[in-house]
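# next come a sequence and a model predicted from it.
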Amino acid sequence: MTPQVSVIVPVYHEGEAVVPSLERIGREVLLPAEILVVHDTPDDPSVPYAEQVARRDPRVRAVLNTYGPGPAHAVRFGIDEARAPVAVVTMADGSDDPRQIDELARLVERGVVVAAASRYMPGGQQVGGPRLKGLLSRAAGRSLHLLARVGTRDATNSFKAYDTAFVRTVGIDSRAGFEIGLELTAKATRLRLPVAEIPTIWLDRRLGDSHFDLGRFLPAYLRWYRYAFGPRLPLTRVASGGARRPHRRSPRVGNRG
């Protein structure tokens with residue numbers, strides 16, 4: 001049976017800590033789904049624990065990312081592997097609320113190409129995390145929403161659902177970190193395609209260490225922040241060479257009113 005939603009979970013040396021996150025995702029996702037645990041190397045210590053969960057939940061599958069190391073390649077690989085028309089990217093550290101995966105997926109089914117879980121809209125909250133990172137993220141999100149009209153107050157959050165046909169059409173240029181969420185939101189904005197958001201409460205991880213390096217990833221975020229501003233562009237100006245597979249269905253490019 002073709003899944004209705006593909007849940008993409010990039011992992012990097014999460015080890016045993018990945019188990020409660022995967023089990024919670026499995027409990028909370030009620031739509032027909034596949035849960036892809038994307039790892040960069042065969043010997044990543046997360047793999048045996050992901051396979052342990054997969055033996056109890058056949059929706060879970062550990063997949064080896066062959067595009068290169070790092071979260072951007074892992075997410076790109078996961079979306080290309082997705083069999084569902086909707087892909088939801090969520091973190092393995094338990095910071096996202098998996099109860100919202102179905103709701104985000106249904107927003108995409110209703111016609112948006114990007115559905116964002118927003119910490120910065122009314123009803124949303126960020127609990128914990130590095131202070132500077134939070135301040136920059138909030139300022140970027142609010143200014144993009146107000147000035148570039150991107151459709152969400154939290155364009156930098158990675159917890160998003162995507163129309164997989166849209167992603168495969170516009171491609172993914174990011175190669176560094178989790179700026180993919182900002183890139184795809186910016187591309188949808190320049191194409192004048194619909195982006196929507198729901199409030200979410202983000203909790204800082206309680207297990208394991210974060211591998212996010214603000215100094216390393218900031219230039220990539222700034223690139224896509226600037227890209228979000230400007231006039232409408234045709235698809236030929238937005239699409240990259242990132243699409244690697246034939247489209248499974250027609251994208252909704254150009255449907256926004």
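Thanks, I have it.
# tally of neighbours for residue 142?
By other C-beta atoms under 10 Å, 15 other residues sit near residue 142. Just so you know, the C-beta spots here come from the backbone N, C-alpha and C atoms, and that holds for glycine as well.
# next: the one 10 residues further on.
Residue 152 has 27 neighbouring residues, counting by other C-beta under 10 Å.
# and residue 26, by the same measure?
Neighbours of residue 26 using other C-beta under 10 Å come to 18.
# wait, it touches residue 57, no?
Yes: Residue 26 is within contact range of residue 57, at 4.7 Å (criterion: C-beta atoms under 8 Å).
# which neighbours do these two have in common?
Residues touching both residue 26 and residue 57 by C-beta atoms under 8 Å, 6 or more residues apart in numbering: residue 35.
# export stretch 108-117 as CSV, just CAs?
Taking Å, rounded to 0.1, in the frame of the first residue of the first chain, the C-alpha atoms of stretch 108-117 are listed here in CSV:
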residue,chain,number,x,y,z
VAL,A,108,-0.4,19.8,2.2
GLU,A,109,-3.2,17.6,1.0
ARG,A,110,-5.5,20.6,1.0
GLY,A,111,-3.2,22.5,-1.4
VAL,A,112,-0.3,24.2,0.3
VAL,A,113,3.2,23.2,-0.9
VAL,A,114,4.9,23.9,2.4
ALA,A,115,3.2,23.5,5.8
ALA,A,116,5.3,24.8,8.7
ALA,A,117,5.1,24.1,12.4
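# which residues touch it?
So stretch 108-117 is contacted by 4, 85-86, 96-97, 100, 104-105, 107, 124, 151-152, 154-155, 157, 159-163, 166, 181, 184-185, 188, 193-200, 202, 251-252, 255 (C-beta under 8 Å, 6+ apart).
# could I have the PyMOL command that selects the buried members from those?
Typed into PyMOL, the line below selects the buried ones among the contacts of stretch 108-117, using 16 or more other C-beta atoms under 10 Å:
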select buried, resi 4+85+86+96+97+100+104+105+107+124+151+152+154+155+157+159+160+161+162+163+166+181+184+185+188+193+194+195+196+197+198+199+200+202+251+252
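# now, the contacts of stretch 108-117 that are in helices?
Under the assignment DSSP state H, the contacts of stretch 108-117 contribute 104-105, 107, 166, 181, 184-185, 188 to helices.
# name the SS class of the residue nearest to residue 73 when sequence neighbours are not counted, please.
In this structure, residue 73 finds its nearest non-sequential neighbour in residue 67, 4.0 Å apart by C-beta to C-beta, 6 or more residues apart in numbering. The three-state label given to residue 67 by DSSP: H, G, I helix; E, B strand; the rest coil is coil.
# next, count neighbours for residue 67.
By other C-beta under 10 Å, the residues close to residue 67 number 18.
# that one and residue 100, how far apart?
Distance, residue 67 to residue 100, by C-beta to C-beta, to the nearest Å: 27 Å.
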